[in-house]
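> would you be able to build a 3D model of this:
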Amino acid sequence: MSDYAQPGPFADAKAFADVGPSGNYLLYRPGASLGRDGFKHPIATWGNGIATTPDQYQQLLTYVASHGFVVIACKDTQAERACLSAGLDWLVQQNTAQGELAGKLDVQHEVAIGYSWGGGAAIDTSDRPNIKATISLHGMPPRGANAFESMHSPLLLFTSTGDSFVTASGYVTPNYNKSKVQTFYATLNDSTAGHLYVVDTDAVSCVASAALGTCHGAEAERAPVVAWLRYWVCGDKAAEPFFFGEDCTLCKSPWTMPQRKLWP
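Take a look at the predicted model:
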């Protein structure tokens, strides 16, 4: 893929309900194209924003799955590391069990993604040895006292100039300052992009307000999310221009100049 703003080659990706431990997960994965031509799908875990469920992020998570990732999403409305990590454990087990996923997963390449409260949980989950990349969208701090000391994967942080709820100064910048791994901090320069920017446009939790803004399904953030995953997990050099160099994709409008830590 060279255009990460478009859906990926697994265009039949969709959600599968009530899977995983206690049926407490939603699974986003390719359908009939799963494992096509012997492809092994990296596995991802997702943490929701507080008081929401993963069915409210279908625009983002189906898009990620269309690019070859199998995403297991905890249905807890206050997602924590235990639930995110258990979802990955379940996928690892399915790769060697009987069923549609058997032998089709790359369980040595895991990623953790989360939004708001779940963004902190994603950082907490990044102490797992096979995590290769972490993404926190408009994310809260992790809850683990040693989370930043324990994580080892490159971290992508998102905020926007319109997010007045989980503010950059109050939450995302402190996460950047505490990070001890290679980190890219991207800011969407859009005063209309509030905290609900990541949530599906038709989600039940969408409420237009000065504090939260309106829902956009992470429209501008989807392409760099996939580029980050493909670069660090798949070794996709075509994704490099998103993040490297002074003229990088996330260095130009509609993005403000990023902050980079431990960057080559």
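> and the strands in the stretch 101-250 of the chain, which stretches?
In the stretch 101-250 of the chain, the strands defined using DSSP state E, counting those that start in this stretch lie at 105-115, 131-137, 155-160, 183-188.
> the second one packs against which elements?
In this structure, strand 131-137 makes packing contacts with strand 105-115, helix 117-125, strand 155-160, helix 222-234, judged by 3 or more C-beta pairs under 8 Å, 6 or more residues apart in numbering; DSSP states H and E. Backbone N, C-alpha and C define where each C-beta goes, glycine included.
> repeat for the third one
Contact partners of strand 155-160 among helices and strands, from 3+ C-beta pairs under 8 Å, 6+ apart: strand 131-137, helix 173-178, strand 183-188, helix 222-234.
> what do you get for the longest one?
With contacts taken as 3+ C-beta pairs under 8 Å, 6+ apart, strand 105-115 sits against strand 41-47, helix 81-94, helix 117-125, strand 131-137, helix 222-234.
> what about that strand, average pLDDT?
Here strand 105-115 scores 98 as its mean pLDDT.
> partner strands of it and their direction?
strand 41-47 (parallel), strand 131-137 (parallel) (DSSP bridges).
> from residue 190, how far out is the spatially most central residue of the chain?
Nearest residue to the geometric centre of the chain (C-alpha atoms, centre = their mean): residue 113, 3.0 Å. Distance, residue 113 to residue 190, by C-beta to C-beta, to the nearest Å: 21 Å.
> can you put the strands of the stretch 101-250 of the chain in TSV and add distance to residue 176?
Below are the strands of the stretch 101-250 of the chain laid out as TSV (distance: least, C-beta to C-beta, whole Å):
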stretch	distance to residue 176
strand 105-115	16
strand 131-137	10
strand 155-160	6
strand 183-188	5
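> residue 106 is in contact with residue 44, isn't it?
No: between residue 106 and residue 44 there is no contact under C-beta atoms under 8 Å: 10.9 Å.
> what about these two, which has more around it?
Neighbours were counted for residue 106 and for residue 44 using other C-beta atoms under 10 Å; residue 44 has more, 30 against 19.
> right, so of the strands of the stretch 101-250 of the chain, which gets closest to residue 16?
Closest approach to residue 16 among the strands of the stretch 101-250 of the chain (C-beta to C-beta): strand 105-115, 14.2 Å.
> measure how the closest one sits relative to helix 117-125, angle-wise.
Angle of strand 105-115 versus helix 117-125, following axes from the mean of the first three to the mean of the last three C-alpha atoms, to 10 degrees, is 130 degrees.
> could you list the buried residues of strand 105-115?
105-107, 109-115 (16 or more other C-beta atoms under 10 Å).
> gap between the two ends of stretch 57-75?
11 Å (C-alpha to C-alpha, to the nearest Å).
> same deal with stretch 254-264?
The straight-line separation of the ends of stretch 254-264 (C-alpha to C-alpha) is 24 Å.
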